[in-house]
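**Q** sharing a sequence plus its predicted fold:
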Amino acid sequence: MKTTKTTNKKQNGRAGSILLGAVRGRLISTDFFMRHWVPVSVLVLMCVWFMSNGYECKTSRETILKLQDKREIVKTERVREQSLYMSRIRESSMSRLVSKHNLDLRIQDTPPYKVKYNCD
C-alpha cells in the first residue's frame, strides 16, 4: 500500500513539476532545443513549406480565375468577329459590294458542269 501512495505522489509531483516548469518557462528551454535540434528544425521547415505551398496554391487559383475571365472575354470577342465576318460574306452583301464597285460580275443561273474524260 505504501508503494501505491509513493507512486501516486511521484506522478502528482511529476505532473505538477511539468506544469510548474511550463509556467516558469523551463519546459521548453535551450537545453530542449540543444537535445532535439533535428526534429525541431524539421518541424519548422515543414511548417514553412506548408505555408509557402498554401500561398502558391492561392495565387495559382487567382491566376486561373483571371485566365478564365480572359477566356470568356476572348470567346465573346471571337463570336462577335465571326458574326461580323459571316455578315460580310453573305451573298446579298457580296452582290451589293460587286454592284457598288462596278465589277461587272453576276451570279450564275446554272450550276457549273463537271467535265469527265476517259484516258484509255
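**A** Good, I have the coordinates.

**Q** quick one, what contacts residue 113?
**A** Residue 113 sits next to no residue when contact means CB atoms under 8 Å, 6 or more residues apart in numbering. Backbone N, C-alpha and C define where each C-beta goes, glycine included.

**Q** if I look at it, how far off is residue 17?
**A** Separation of residue 113 from residue 17 (CB to CB, to the nearest Å): 109 Å.

**Q** remind me, longest helix of the chain?
**A** helix 37-88 (DSSP state H).

**Q** render the CA-only coordinates of stretch 18-33 in CSV, please.
**A** Only the C-alpha atoms of stretch 18-33 are listed here, as CSV (Å, rounded to 0.1, in the frame of the first residue of the first chain):
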residue,chain,number,x,y,z
ILE,A,18,5.8,19.8,-15.7
LEU,A,19,3.0,22.4,-15.2
LEU,A,20,5.2,24.4,-12.9
GLY,A,21,8.1,24.2,-15.4
ALA,A,22,5.8,25.4,-18.2
VAL,A,23,4.7,28.3,-16.2
ARG,A,24,8.2,29.3,-15.2
GLY,A,25,9.5,28.8,-18.8
ARG,A,26,11.7,25.8,-18.1
LEU,A,27,9.7,23.2,-20.1
ILE,A,28,11.0,24.4,-23.4
SER,A,29,14.4,25.8,-22.7
THR,A,30,17.7,26.0,-24.6
ASP,A,31,18.5,22.5,-23.3
PHE,A,32,15.4,21.2,-25.0
PHE,A,33,16.4,22.7,-28.4
